[in-house]
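Mind looking at a prediction? Sequence and model below.
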Protein chains: 2
Amino acid sequence: MRALEINNWQDVQSEVLNRINSRIWKPGDLIPNEADLAIEFGCARATVNRALRSVAQAGFLDRRRKAGTRVATNPVRKAILSIPIIRQEIEDKNQTYSYALISRNLREPSISLRAQMKLNANSKCLHVVALYLADGRPYVCEDRWVNTVAVPELLKVDLSAENANEWLVQNAPFTRGDFTFSARSADAEVAGRLDAKICDALFEIQRTTWNEVTAITTVTLTYHPGYRMQTRI
Amino acid sequence: MRALEINNWQDVQSEVLNRINSRIWKPGDLIPNEADLAIEFGCARATVNRALRSVAQAGFLDRRRKAGTRVATNPVRKAILSIPIIRQEIEDKNQTYSYALISRNLREPSISLRAQMKLNANSKCLHVVALYLADGRPYVCEDRWVNTVAVPELLKVDLSAENANEWLVQNAPFTRGDFTFSARSADAEVAGRLDAKICDALFEIQRTTWNEVTAITTVTLTYHPGYRMQTRI
DNA sequence: CAGTGGTCTAGACCACAAG
DNA sequence: TTGTGGTCTAGACCACTGG
């Protein structure tokens, strides 16, 4: 049996996780305070603090001033999803990326979209539909509405050459985003675009991005049949 | 114009985000090192470090020893998904939670499942199918395989009274999980369970959880038609 | 009120990796 | 080789909140 040796905050973290894991500290238990743990582990309180903050952020501990630190009873699992640029996602699979603009119009958004993006009445949006292909096969269809008040420069961009997403990433920073993941059935239109059968189940992501209080863009990505989004915690 | 006042790491963080946002520091730019920023902001380097680490974790900065800190060119957006306990998810919507066990068998898993869970040949799994209801309407169908070698105690549990997920959360800690999100069409069996029409598109989450190197359980959650998973960054 | 976590500071040493 | 971020430490004060 080897003695426990603590040299850094990662060591503290794994010791804490071990105690939770092996049920030395059970769900709901109050664990010793930072000062006591620092003495036990032979390190500074700041080091214990760093470790406990990290474990708490992962959802395994609940911390409150004065009340102390408890092992979480409902370990809410948090999965971190990386939302990559589509070009990268395709190239990471060693497939050839290509892009085709389907349509580009200036028009009024629907009422529900106007509500979601909190736009004024009469405001026009740039509506862009495009297709991303991997090795020449349809990968994902993008249906995008851009608030032209927030990003007027986009109107001058040639979207058949450069795709709207990459232009926006470079030129229109955002501070906040709402994401919705869902499943939908292919209708005739989207089935045609994605080379799917009518009634195929398609994975869909809708995302609205904001710069403080102004909506920049709402985009719906409809993936080819069989697409899977994966992550790990 | 008010003077910039920095009192804590959150202030440093928002000033940094402002500079990225307002393109004072552009994508790809090298920003000053921690020591210089500490002088500029009139605070300790540790405070700057805390702020920059936080911004980097959010994906807006790339940091490398010796190479310094750069504004990310590909701001990979990271969405944090909370995976709640189903009971909570339903109760949070002020709906009535209920649960029904559909089947419970000890049997051999399919070859693909055996591969995914890295099980030996001949190993038997507990296969549990159950339905969760919100206000009496089908909410999500759970199809679960449990590695009985890892969690033999579950065999003694009455799963018609207590659902497997909550028992496992309390009694079988895990250290790692793989998640897959996808869309599928309803076949006759699942349509019947979820009160859906055949061919409806259904949102599906598959999750395999591990304790170090041992697979605990693989569960597929198939949600009712129209289900949406939402998050925000 | 008083105990807890949250944070700041100044200084120090270390690990990494670019040149 | 050397500049950069990564981290530790000891001590201090503060903010919150439970009792």
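Good, I have the coordinates.

How many residues are close by the closest residue to A:P27 other than its chain neighbours?
Using C-beta to C-beta, 6 or more residues apart in numbering or on different chains and skipping the chain neighbours, the partner closest in space to A:P27 is A:T73 (4.6 Å). C-beta coordinates here come from the backbone N, C-alpha and C atoms, glycine included. By the measure other C-beta atoms under 10 Å in any protein chain shown, the count of residues near A:T73 is 12.

now swap in A:E162 and tell me
Here the number of neighbours of A:E162 (other C-beta under 10 Å) works out to 13.

helix, strand or coil for it?
Three-state assignment for A:E162 (DSSP: H, G, I helix; E, B strand; the rest coil): coil.

how far away is it from DNA strand C?
30 Å (C-beta to the nearest atom of the strand, to the nearest Å).

Can you pull the phi and psi angles for that residue?
Taking degrees, to the nearest 10, you get phi -120, psi 140 for the backbone angles of A:E162.

Pretty sure A:L168 sits in a helix.
Yes - assessed by three-state DSSP, A:L168 belongs to a helix.

What about the residue of chain A found nearest DNA strand D, how many residues nearby?
Residue nearest to DNA strand D within chain A (C-beta to the nearest atom of the strand): A:N8, separated by 2.8 Å. Per other C-beta under 10 Å, the neighbour tally for A:N8 reads 11.

Now do the helix or strand of chain A with the lowest mean pLDDT: which elements does it pack against?
Every helix and strand of chain A was ranked by mean pLDDT, DSSP states H and E. The lowest is strand A:77-83, at a mean of 76. Counting by 3 or more C-beta pairs under 8 Å, 6 or more residues apart in numbering or on different chains; DSSP states H and E, the packing neighbours recorded for strand A:77-83 are strand A:228-232, strand B:77-83, strand B:176-185.

Now the element after that strand, going C-ward?
As assigned by DSSP states H and E, the chain's next helix or strand after strand A:77-83 is helix A:86-92.

count of neighbours near A:N120?
If you count neighbours by other C-beta under 10 Å, A:N120 ends up with 7.

Name the SS class of it, please.
Quick answer, by three-state DSSP: A:N120 is coil.

just A:L202 next, same as before
strand.

and it, what is it in contact with?
By C-beta atoms under 8 Å, 6 or more residues apart in numbering or on different chains, A:L202 lies in contact with A:183-186, A:190, A:194, A:196, A:222-225, A:227, B:183, B:201.

again, but for A:R87
Contacts of A:R87 (C-beta under 8 Å, 6+ apart): A:97, A:99, A:132, A:163, A:166.

Out of those residues, which is nearest to chain B?
A:E166 (9.5 Å; C-beta to the nearest C-beta).

tally of neighbours for the nearest residue to the residue of chain A closest to DNA strand D once chain neighbours are set aside?
Leaving aside its sequence neighbours, A:N8 sits nearest to A:T47 (C-beta to C-beta, 6+ apart; 7.1 Å). Neighbours of A:T47 under the rule other C-beta under 10 Å: 22.

okay, A:T47: pLDDT?
pLDDT for A:T47: 96.

Quick check: it touching A:L37?
No - at 9.4 Å, A:T47 and A:L37 do not qualify as touching, with contact defined as C-beta atoms under 8 Å.

would you list every one of the helices in chain A?
Remark: helices assigned in chain A by DSSP state H are A:9-21, A:34-41, A:45-57, A:86-92, A:111-116, A:164-171, A:188-194.

Go through the fourth one and flag the buried ones.
Within helix A:86-92, the residues that qualify as buried by neighbour count (16 or more other C-beta atoms under 10 Å in any protein chain shown) are A:86-87, A:89-90.

which residues does the nearest residue to A:D195 once chain neighbours are set aside bridge with?
Leaving aside its sequence neighbours, A:D195 sits nearest to A:P138 (C-beta to C-beta, 6+ apart; 4.9 Å). In this entry, A:P138 is beta-bridged to A:L133, by DSSP bridges.

tell me the domain ranges of chain A?
Chain A breaks down into these domains under automatic domain parsing: A:9-71, A:86-223.

got the contact list for stretch A:50-60?
Stretch A:50-60 has contacts (C-beta under 8 Å, 6+ apart) with A:9-10, A:12-13, A:16-17, A:20, A:34, A:37, A:61-63, A:69, A:71-72, A:75-78.
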